[in-house]
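Undergrad: this one's structure only:
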């Protein structure tokens with residue numbers, strides 16, 4: 001997380017750790033939190049306008065007086081930062097030269113030019129600390145002496161470094177093994193799980209499914225391995241999908257964080273299994289994705305697009321960054337928000353005139369379905385009625401599905417009024433494994449309706465044609 005021979009960074013790391021520990025213990029009042037956020041907001045605006053070429057232009061109308069009077073209550077006066085801004089301006093968003101970072105990451109680039117995501121030690125200290133605090137509680141519920149298998153997507157992704165640092169700090173051993181690497185591969189991953197008696201995995205839901213499928217096809221049973229805890233990252237995951245993965249593995253499964261390469265850690269799973277924001281690190285807004293207007297986050301529960309502003313002076317802070325993700329948010333008494341990511345804004349689907357988030361479709365399918373290893377949905381229209389033709393891959397291919405599918409069909413047609421649902425048992429294709437690399441929509445949906453946008457699916461197919469498995 002930081003170079004141990006830099007005394008100043010060691011002091012900073014201890015200070016940040018104590019702040020987050022105090023917040024978790026309820027020792028920071030709302031008044032103190034709001035004061036912290038307002039002070040850090042003014043500091044970060046001063047920092048980016050002074051050091052980032054992009055923000056020097058993007059916020060060029062701001063005067064010193066404007067910054068002195070800026071607060072979270074009038075932050076909406078600042079312009080948004082969009083994904084297009086990140087793609088089009090690349091390295092010029094950074095507030096520090098590249099040689100000041102300790103590591104360089106970038107987005108996968110499956111839907112366009114990769115976005116640079118360099119991080120310095122301040123970034124890692126602020127982001128890894130809340131993970132350490134919360135994952136300590138989770139792991140201690142599942143025994144001791146853990147060996148954790150970390151399965152990241154690539155060498156240019158932060159997953160391996162972040163979780164290595166977190167679990168090293170907690171005193172657990174880690175094994176970084178990339179199942180999609182041509183050198184390691186899924187067969188070697190299965191062998192490592194068996195030989196090292198790995199107790200916990202960190203991976204995407206798609207990788208957990210792929211490894212389970214490989215173990216099953218090899219004549220073994222995932223639930224008979226040493227793995228009893230799985231932390232999933234990188235994809236939308238409903239509780240029903242977590243339960244299905246957990247049933248297959250015989251393990252407890254947590255959707256352990258909400259994050260992205262561009263914005264780092266935005267919410268962390270607590271011991272109760274829910275995701276909570278990190279208000280010491282970021283200021284969070286929820287907006288209407290169409291109008292861009294702010295919603296009142298203090299209401300009981302709201303749904304909208306998440307917008308974040310980093311409050312720490314890292315390598316590339318983002319100001320009012322539109323994540324492109326829809327979340328359901330509940331405001332908590334300590335000033336954090338319990339959030340549920342429900343899909344990307346562009347993944348919202350209209351079925352028979354009603355908009356649905358990705359979360360709604362997956363939950364409708366899996367709420368009444370156990371033993372499901374994987375699924376894929378094809379959308380068609382017959383006589384002006386939208387139809388979902390769903391292929392379900394059961395873990396046990398010999399399962400008698402007629403009664404089960406009839407119950408699932410009835411449930412789905414009840415919660416998706418007017419939509420016709422057909423389910424068949426079968427094997428899914430390789431495209432369902434691309435969810436974290438492209439999008440949930442690309443991996444799970446094929447929309448055959450005339451006006452459908454399947455550009456993400458095309459990107460996922462192109463990824464497979466380049467050899468992705």
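TA: Nice, I can see it. The model shown is predicted, which means the values in this text are computed figures rather than measured ones.
Undergrad: so, low pLDDT: which residues of the stretch 1-150 of the chain?
TA: Applying pLDDT under 70 to the stretch 1-150 of the chain flags the ranges 1-3, 110-111.
Undergrad: make it 80
TA: 1-4, 108-112 (pLDDT under 80).
Undergrad: quick one, helices of it?
TA: For the stretch 1-150 of the chain, the helices defined by DSSP state H, counting those that start in this stretch occupy 7-24, 30-51, 53-58, 64-68, 83-89, 121-140.
Undergrad: okay, the ones you listed, which one's buried deepest?
TA: Most buried of the helices of the stretch 1-150 of the chain, by mean neighbour count (mean count of other C-beta atoms under 10 Å): helix 121-140, with a mean of 22. The C-beta positions use only the backbone N, C-alpha and C, and glycine is treated the same way.
Undergrad: can you name every helix or strand that it contacts?
TA: Helix 121-140 is packed against helix 7-24, helix 159-169, strand 229-232, strand 264-269, with contacts defined by 3 or more C-beta pairs under 8 Å, 6 or more residues apart in numbering; DSSP states H and E.
Undergrad: rewinding a little: dump the helices of the stretch 1-150 of the chain to TSV, plus distance to residue 217.
TA: Putting the helices of the stretch 1-150 of the chain into TSV (distance: least, C-beta to C-beta, whole Å) gives the following:
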stretch	distance to residue 217
helix 7-24	43
helix 30-51	50
helix 53-58	49
helix 64-68	60
helix 83-89	38
helix 121-140	30
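Undergrad: of all those helices, which one is nearest residue 361?
TA: For the helices of the stretch 1-150 of the chain, distance to residue 361 was read as C-beta to C-beta. The smallest value, 23.3 Å, belongs to helix 83-89.
Undergrad: and of the helices and strands packed on helix 121-140, who's closest to residue 35?
TA: It is, among these and with distance given as C-beta to C-beta, helix 7-24, at 13.0 Å.
Undergrad: tilt between the closest one and helix 159-169?
TA: Interaxial angle, helix 7-24 versus helix 159-169 (axes from the mean of the first three to the mean of the last three C-alpha atoms, to 10 degrees): 80 degrees.
Undergrad: which elements pack onto helix 7-24?
TA: By 3+ C-beta pairs under 8 Å, 6+ apart, helix 7-24 packs against helix 121-140.
Undergrad: who's in contact with the closest residue to residue 58 other than its chain neighbours?
TA: Nearest residue to residue 58 in three dimensions, chain neighbours excluded: residue 79, at 6.3 Å (C-beta to C-beta, 6 or more residues apart in numbering). Residue 79 is in contact with 58, 59, 320, counting by C-beta atoms under 8 Å, 6 or more residues apart in numbering.
Undergrad: of all those residues, which comes closest to residue 108?
TA: Nearest to residue 108 among these, with distances taken as C-beta to C-beta, is residue 320, at 24.3 Å.
Undergrad: residue 420 is nearest to which of the helices and strands packed on helix 121-140?
TA: Using C-beta to C-beta, these put strand 229-232 closest to residue 420, at 31.3 Å.
Undergrad: what residues does whatever helix or strand comes next after the closest one touch?
TA: Next helix or strand after strand 229-232 toward the C-terminus (DSSP states H and E): helix 239-249. With C-beta under 8 Å, 6+ apart as the test, helix 239-249 has contacts from 205, 208-209, 212, 222-223, 225, 227, 230, 232, 251-255, 362-363, 365-367, 369-373, 395.
Undergrad: those, buried ones only, as a PyMOL selection?
TA: Buried residues within the contacts of helix 239-249, by 16 or more other C-beta atoms under 10 Å, are selected in PyMOL with:
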select buried, resi 205+208+209+212+222+223+225+227+230+232+251+252+253+254+255+362+363+365+366+369+372+373+395
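Undergrad: in helices, which of the contacts of helix 239-249 fall?
TA: Among these, the members falling in helices (DSSP state H) are 205, 208, 209, 212, 362, 363, 365, 366.
Undergrad: for the spatially most distant residue from the centre of the chain, report the pLDDT, please.
TA: Distance from the C-alpha centroid of the chain peaks at residue 383, with 37.8 Å (C-alpha atoms, centre = their mean). In this model, residue 383 is scored at 93, pLDDT.
Undergrad: same check on the one 5 residues further on?
TA: Model confidence at residue 388, expressed as pLDDT, equals 96.
Undergrad: for it, helix, strand, or coil?
TA: Using DSSP: H, G, I helix; E, B strand; the rest coil, the secondary structure recorded for residue 388 is strand.
Undergrad: for the nearest residue to it once chain neighbours are set aside, give me its contacts.
TA: Counting by C-beta to C-beta, 6+ apart, residue 388 lies nearest to residue 421, which is 5.0 Å off, once chain neighbours are set aside. With contacts defined as C-beta under 8 Å, 6+ apart, residue 421 is in contact with 387, 388, 390, 408, 409, 412, 413.
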